[in-house]
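Participant: Got a sequence here, can you build the structure:
(one chain, ligands or ions: 1)
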Amino acid sequence: MSERISVLKKFSLFLPAAALVVTLGMSSYSGAKSPDHGDGHGDGGKAKSHGVHWDYTGAEGPSHWGSLSADYAACGKGTKQSPINITRAALKDLEDITFNYKKSGLNILNNGHTVQANYAPGSSIKVGGKSYDLLQFHFHGPSEHTVDGVNAPIEMHLVHKSADGALAVVGVMIISGPHNSAFDNVWAFLPHEVGSRDAGVLVDAEGLLPAKRGYTTYSGSLTTPPCTEGVTWLVLNDPVTMSAKQINAFGEIFKGNNRPVQPLNRRSLSAGSN
Ligand SMILES: [Zn+2]
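Facilitator: Numbers count the residues shown, from 1 in each chain. From the prediction side, this is the model:
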């Protein structure tokens with residue numbers, strides 16, 4: 001019917017359905033005390049004094065991360081790295097992710113690698129019989145995961161952590177389409193310079209998700225140094241839209257903060273049909 005729906009359907013068709021193996025690995029991730037560390041974006045880089053500096057281009061770009069520091073060895077030697085290209089596969093019914101999100105004030109920061117919104121405690125997801133608390137969400141442009149080789153303009157990562165330290169990241173593809181007012185209270189506070197500020201409004205992260213939450217899952221890693229493995233990836237099959245103006249607003253701050261796709265190696269994907 002509407003152009004929006006046809007765009008969404010077209011995109012959804014690219015998405016896989018498959019059989020999967022999720023390995024809930026132990027994360028050696030060390031940033032347990034701070035939401036800043038959720039996806040590795042808080043480690044190293046321009047905004048922190050600790051950790052070896054890394055970047056998305058040049059001598060400190062993704063192909064060199066593994067040799068920049070012994071702490072980043074997994075970036076070069078890991079065999080279960082993220083992101084990956086998502087390909088079609090056989091449909092398999094997976095249990096739904098239960099989202100127990102509550103409204104939160106946001107502390108929005110530019111850490112030199114992304115724009116990240118730290119979320120208040122008390123929101124969580126449940127999947128695989130395990131509960132994971134929402135720590136923060138942040139953005140990559142273009143997307144890090146690809147679907148049949150195609151990037152979306154932006155990918156949102158909602159980073160969650162279980163009581164025993166395991167990470168689960170929900171990925172949401174953001175494609176060009178109608179203006180998405182759910183992001184207005186985040187986009188109004190996009191920080192152009194390194195630093196943080198509190199958004200003076202409450203945001204419900206559930207409003208940032210597509211209506212259908214079917215997903216593709218695999219065992220991967222942080223997509224930024226130290227590239228720690230054992231991360232459960234839950235990439236939603238349906239995208240959400242943003243207007244070109246909204247997409248460009250992020251692009252004015254970060255363009256190309258996406259790690260290239262990594263080899264799948266011996267891993268398998270699985271995806272639900274909804
Ligand atoms: Zn990320």
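
Participant: Tell me where the stretch 1-150 of the chain has helices.
Facilitator: 3-13, 65-68, 73-77 (DSSP state H, counting those that start in this stretch).

Participant: For the ones you listed, which has the smallest mean pLDDT value?
Facilitator: Ranked by mean pLDDT, the helices of the stretch 1-150 of the chain bottom out at helix 3-13, with a mean of 40.

Participant: now the closest residue to the ion within the stretch 51-200 of the chain, nearest residue through space, not along the chain?
Facilitator: As assessed by Cβ to the ion, the ion sits closest to residue 157 within the stretch 51-200 of the chain, at 3.6 Å. The C-beta positions use only the backbone N, C-alpha and C, and glycine is treated the same way. Of all residues beyond its chain neighbours, the one nearest residue 157 is residue 169 (5.2 Å), with distances taken as Cβ to Cβ, 6 or more residues apart in numbering.

Participant: Now do stretch 182-195, average pLDDT.
Facilitator: 94.

Participant: Next to the ion, which bits of the stretch 101-250 of the chain? Give me the list.
Facilitator: Residues of the stretch 101-250 of the chain lying close to the ion (Cβ under 5 Å from the ion) are residue 157.

Participant: can you map out the strands along the stretch 101-250 of the chain?
Facilitator: 104-110, 115-119, 124-127, 130-140, 146-147, 154-162, 167-176, 195-203, 215-221, 229-236, 240-242 (DSSP state E, counting those that start in this stretch).

Participant: Columns mean neighbour count and distance to residue 75 on top of these, output as CSV?
Facilitator: Formatted as CSV, the strands of the stretch 101-250 of the chain follow (neighbours: other Cβ atoms under 10 Å; distance: least, Cβ to Cβ, whole Å):
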stretch, mean neighbour count, distance to residue 75
strand 104-110, 20, 23
strand 115-119, 25, 20
strand 124-127, 19, 26
strand 130-140, 23, 16
strand 146-147, 22, 19
strand 154-162, 25, 17
strand 167-176, 24, 16
strand 195-203, 14, 26
strand 215-221, 24, 8
strand 229-236, 24, 10
strand 240-242, 22, 29
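
Participant: among the ones you listed, which gets the worst mean confidence?
Facilitator: strand 195-203 (a mean of 88).

Participant: That one vs strand 104-110, what angle?
Facilitator: If you take axes from the mean of the first three to the mean of the last three Cα atoms, to 10 degrees, strand 195-203 sits at 150 degrees to strand 104-110.

Participant: can you pull the contacts of the spatially closest residue to residue 196 that is not a sequence neighbour?
Facilitator: In space, and not counting its chain neighbours, residue 196 is closest to residue 109: 3.4 Å by Cβ to Cβ, 6+ apart. Neighbour list for residue 109: 36, 47, 115-118, 191, 195-197 [criterion: Cβ atoms under 8 Å, 6 or more residues apart in numbering].

Participant: one step back: quick check: the residue nearest to residue 157 touching residue 232?
Facilitator: Yes - the pair residue 169 / residue 232 is scored as a contact, 7.4 Å apart, by Cβ atoms under 8 Å.
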